[in-house]
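**Student:** Sequence first, then the predicted structure, then my questions.
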Amino acid sequence: MIKHIGKHNDRKVAVVFKQIPDEEHMALVVYPGLLPAEWETAIMRVIESPEGQEANELGDVLHRNLLPNGNPILESLHKEGMIKKVQASQVIMTPAASSTIRLDELNKILTEMEQGENAVRKLAEMDQNSGMVDPRATDVQDIAKDAVTSLDDSAIAHDLEAQAARMKADANGLIAESERLLKEAAELRGKPAPKKRGRKPKTESQSTKTTVS
């Protein structure tokens, strides 16, 4: 799997920017097959490089690399009108060799992951700064002892309950999201949606038995 490569209307695209500011449902892409051969070679070389694969946004790397004529790639693509704005929901990415996902869904997952990382970091900072601990203290064991003795059993129990509630909510959210992604994957592969269960029609004998009484 090569990062930043997807399909739009069954045509290969390189996703320059996954989202547009104030238009998160839109993305900026280029069609490598429509570019001059030397441009396509230069862009694919950048995409496949370690720098390109580690980059969050391809556009940032293209801005720092040059075409064979010495001009910046991103600036040249913009001047020649090669960068197109498309709906992220219409771009299909391949995060793994055997799976696909819409770009808008990928953006949502990446945003949630980033928010989760920020939340974990903030909670760690809050935990580190909680309690009346002397900032001049340097002994880790003494700090830990002060923090533990400042809490009674009730406070500890309340904290454990709060943690359990957060973990349960996160688990339910992940389960729901996984079920939805599996359903979309099945639809993309052309599998029919499960049939809704309805009432069985009455047989002729049942209908007669009902009327004659």
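**Tutor:** Looks like it came in fine. Numbers count the residues shown, from 1 in each chain.

**Student:** would you list every one of the helices in this protein?
**Tutor:** Under the criterion DSSP state H, the chain contains helices at 37-48, 50-54, 58-64, 73-79, 103-129, 140-149, 153-188, 204-211.

**Student:** Buried residues of the first one, list them for me.
**Tutor:** In this case it means helix 37-48. By neighbour count with 16 or more other C-beta atoms under 10 Å, helix 37-48 contains the buried residues 39, 40, 42, 43, 44, 46, 47. C-beta here means a position set from N, CA and C on the backbone, and glycine is covered the same way.

**Student:** of those, closest to residue 3?
**Tutor:** residue 47 (7.5 Å; C-beta to C-beta).

**Student:** How about the contacts made by that closest one?
**Tutor:** Residue 47 makes contacts with 2, 3, 4, 5, 14, 53, 58, as judged by C-beta atoms under 8 Å, 6 or more residues apart in numbering.

**Student:** and with 7 Å instead?
**Tutor:** Residue 47 is in contact with 2, 4, 5, 14, 58, counting by C-beta atoms under 7 Å, 6 or more residues apart in numbering.

**Student:** Buried among those? Need that as a selection in ChimeraX.
**Tutor:** Buried residues among these (16+ other C-beta under 10 Å), as a ChimeraX selection:
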select :4,5,14,58
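
**Student:** now, among the contacts of residue 47, which is nearest to residue 21?
**Tutor:** Nearest to residue 21 among those, with distances taken as C-beta to C-beta, is residue 58, at 16.3 Å.

**Student:** And for stretch 73-86, what's in contact with it?
**Tutor:** Residues contacting stretch 73-86 (C-beta under 7 Å, 6+ apart): 8, 16, 20, 26-30, 35, 42-43, 46, 59, 62-63, 65-67.

**Student:** Can you flag the buried ones in those residues?
**Tutor:** 8, 16, 26-30, 35, 42-43, 46, 59, 62, 65, 67.

**Student:** From the residues you listed, pick the one nearest residue 176.
**Tutor:** residue 27 (25.6 Å).

**Student:** ok, and the closest non-adjacent residue to the closest one?
**Tutor:** In space, and not counting its chain neighbours, residue 27 is closest to residue 88: 4.5 Å by C-beta to C-beta, 6 or more residues apart in numbering.

**Student:** what residue ranges in the protein score low on pLDDT?
**Tutor:** Low-confidence segments of the chain, defined by pLDDT under 70: 96-97, 117-163, 191-213.
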